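*Asks:* how does the following fold in three dimensions:
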Amino acid sequence: MSVNGNRRVGAVRPSHLMFTAGIGSLVDLPNFSVLIKGLEFWSYGGITGYDIDEPRLRAAVNRSLQRYGRGQIEQLRAAPWLEGGDTDPKGWAAQGVGIPVTPFPQWLRCTACNVLAAVDTNEFAFLNSNPRTPHEAKFVHDCKKGKPLAVAARFTLVCTVGHLDEFPYTLYVHHGRSCTKAERPKLRMKDHGGNQAANVTIQCVACGEKRNIREAMGERGRCHLPRCRGRHPHLGTYATDGCDQAPVLMVAGASNQWFPLTLSALALPKGQGGDIEKLLEDHWPDLQVIAERGQYDFMASIPKFGFLKEFDADSVVAAIAARKEGSTAPAPSAPDVQADLFGPEWDALSGPVPTPSDDFALRQVPVPPTLGELFADIRQVERLREARALIGFTRLDAPDPESPEIATRVDLSRGAQTWVPASEVRGEGIFLRVRDDLMADWAARVEKSPQMEAHREAFARFRVNRRSDRKTSDFDPYYGWPGARYIALHTLSHLLIRTIALECGYNSASLAERIYAGDEQDPRTGILIYTAVPDSEGTLGGLVSLAEERDFERILRRCLVDAGHCSADPLCSERLPHDPADYLHGAACHVCLFVSETTCERGNRFLDRRFLVPLSGDKDQVLTPVGLLP
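*Replies:* Next up, the predicted model:
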C-alpha cells in the first residue's frame, strides 16, 4: 500500500483485499489508518501477469453488475505487485506500484498536547524515512513537548446508502455555527476515559466552547448531527444535492463500516462449462445469432469458425439460449448469480472423472462398505483453483443472501469500469455425495414436519423483520428458502469441518464449504469441503488424505457421536425458532456446530443437529441410516 507521493506504508495479502479490507474500507496501520481508494487510482504500469483468467466468474460479475446499471467488465485483475519489492523498496516505490491509499480519518490528535486538526492544516508532519520499514510511517506534531506521535481522531459519519465522511468537529463544538474568534480555530480533544461509551470532550481554543462527543451518540444524538453530504472518499466524490439519509456516528474501526460483495468460482476442467463460457465470452458478437442446431452446424462448416467443431453442439446452443434469456430477464442479485455458478461445479464434481489438469484433479475413492447406506460417492479433489472477485461493498447493512434488497451497494469506481479486483487460491478438498434415494425419502418425511415447518416460518419472519423500508412491492417472505435438503447437508458439513479441525490439526478457518443442494426441479446432494487459504496449509495434501477409507469412516462416526450431545444441552437440543423468534438455526450453537465466518457460506444459518441424530428419540426425522447412529 502506498500513500503521499507513492511512499509505502504497509502490506496486505491479496485475499485480504477481497474479504477484510477492500476498496472503500479502512485499514489500521500501527500509527494511523488509511482508506483504500477506487479503481481509477490503481496503477499497473510495468506490471504483467495480473489478469486472472476465469471466464465463468467474469460472466457472473457482468450478470451481477447488470443489476446496478454498470457496464461490462473485460478483466479480473490481481492486486498490482512487483517481485523484488521488499529487496529494492526504493525502486519498487518509485514506479508507483501498489494499492493506493489516503489517510482517513484526516483529523489527527497530538498524543502529548491533545491538539486536534486536519492533515491539510500543516499542524502535523508525515515521517517515513526508511523505505524498508513502512510500518514505521507516522504523523508527528511539532509542539513544545518534542515531536510526539499524532493519531487518528476515530470518529466518522456513515449512512445506510454507503456514504462515509469526517466528523465535523468545528461545527459540532460550536453547535452548527462558525467560531466567533477565528475562521479555522484550533481544537483540542481530551479523552476522559470511563466505562460509559465515549467520554471525549472537544474544545475550541479560540473561543473556549466545549462539547462532549456523547451528545452525538445513539438515537437521541442523531438530531445533533448535520445532514449527510453524500461523500464517497474512496472515489473523491460528493453527491450534488447531498443525501437524504441521516448519518450515524461511528468509530473508525467498527466492524459494520464495510462489508464486501464478492463472487467466487472454481476453475473447471474442459468440457465442464469452463470452455463454453470462454467461447461465448470471446465470440459472442458472432455466436449470438445462433438459435438452433442447424445454424450452429452451418457456422462450424465455415473455415473461419472451424474451432466450433471441438465443442458439443447441443451444449453450446443451450448456453447461447440461456445467455440470451438472461440478458432480457430482470437482472439477478449477487446471491442468485453465485447460486448459478454452482451448477457447472456440481456437474464437474459428480460426473465422470475428468483428465487431471493444473487447476482441477479429481480421484474416485471407494466408499467404505459401512458408509454405503449414506454416501453414493466420495472423491478426493487433489487440485482445485478458486477465483474470487470484489464487485462492490455496503456499509451498516451487511449483504444478505436471504434479503439482498436490504443493503445498498457502493461502486468501486466513478465511471464505467472495465475490470474488478480479484484473487485466486489453490488448494484441495473432499467431495461427498449423499445417496439420492436416501435424501429424497428423508425430505419427503420431514418437509411438512412441525420441526421443519418451524424453520420455514422463522425464515419468513426473518425476511419480514429485515425488510428494507425502500422495498415497497413484490416482497415474498418465503423467497430464497433453501429447503430441507440444504439444512441436512449444511449441518453434516459443519460437523465434518469441526471434527477435521479437532482430530487432524487443521485450522477450521482455513477450510471452506460449498453446499450443492439444488431444489425440487434440480435436486443435488453434495458437499465440498476444501482449503481456501493462499498458504502452505492449503496445498500439502493433508485434507485429501482424510478421504481414505481408514480415516474417513472414523471421522464420520466421531462427528455423529459429537452431534448427539452438546455442553449447552438441553437448551441447545430443544431449541426451535418458534414465533416470534426469527433466528435461522435449531439445535445448533457455538459449542456444537458454529464455525468461523470465513468457513461457512451462510453465516451459521440453517443448521440443526436433530435432522442428523435423534436428540429426542424420534428417528423418523433423522437422515442418518440407523446402522451409523451412535
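*Asks:* quick one: list the elements packing against the biggest helix by length in the chain.
*Replies:* If you go by DSSP state H, the chain has its longest helix at helix 483-504. Under the contact criterion of 3 or more C-beta pairs under 8 Å, 6 or more residues apart in numbering; DSSP states H and E, helix 483-504 touches strand 419-434, helix 436-446, helix 450-465, strand 511-518, strand 523-531, helix 549-563. For the C-beta atoms, the positions are set from N, CA and C on the backbone; glycine is no exception.
*Asks:* what helices or strands is the third one leaning on?
*Replies:* The reference is to helix 450-465. Against helix 450-465 (3+ C-beta pairs under 8 Å, 6+ apart) you get helix 483-504.
*Asks:* helix 450-465 and the helix it packs on, what's the angle between them?
*Replies:* If you take axes from the mean of the first three to the mean of the last three C-alpha atoms, to 10 degrees, helix 483-504 sits at 100 degrees to helix 450-465.
*Asks:* pull out the buried positions in helix 483-504.
*Replies:* For helix 483-504, burial by neighbour count (16 or more other C-beta atoms under 10 Å) applies to 483-501.
*Asks:* the nearest residue to residue 39 once chain neighbours are set aside and residue 37: what is the separation?
*Replies:* Of all residues not flanking residue 39 in the chain, residue 413 sits nearest, at 4.0 Å (C-beta to C-beta, 6 or more residues apart in numbering). Going from residue 413 to residue 37 by C-beta to C-beta, to the nearest Å gives 10 Å.
*Asks:* overlap in contacts, these two.
*Replies:* Residues within reach of residue 413 and of residue 37 at once, by C-beta atoms under 8 Å, 6 or more residues apart in numbering, are residue 235.
*Asks:* neighbour count winner among those two?
*Replies:* residue 37 (21 against 18; other C-beta atoms under 10 Å).
*Asks:* show me what the helix or strand hosting residue 260 is packed against.
*Replies:* Element membership of residue 260, judged by DSSP states H and E, is strand 259-266. Applying 3+ C-beta pairs under 8 Å, 6+ apart, we find strand 259-266 packed against helix 16-19, helix 55-66, helix 334-350, strand 375-394.
*Asks:* any chance of the ones you listed in TSV, with mean neighbour count, distance to residue 568 and mean pLDDT too?
*Replies:* Output for the helices and strands packed on strand 259-266, formatted as TSV (neighbours: other C-beta atoms under 10 Å; distance: least, C-beta to C-beta, whole Å; pLDDT from 0 to 100):
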stretch	mean neighbour count	distance to residue 568	mean pLDDT
helix 16-19	19	29	82
helix 55-66	23	39	83
helix 334-350	19	30	83
strand 375-394	21	29	93
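*Asks:* compare the ones you listed and give me the one nearest residue 602.
*Replies:* helix 334-350 (9.9 Å; C-beta to C-beta).
*Asks:* returning to what we had before: got the angle for the following helix or strand past the strand holding residue 260 vs helix 334-350?
*Replies:* Per DSSP H and E, the first helix or strand lying C-terminal to strand 259-266 is helix 274-287. Here the directions of helix 274-287 and helix 334-350 differ by 120 degrees (the same axes, to 10 degrees).
*Asks:* what angle do helix 274-287 and strand 259-266 make?
*Replies:* Using the same axes, to 10 degrees, helix 274-287 lies at 100 degrees relative to strand 259-266.
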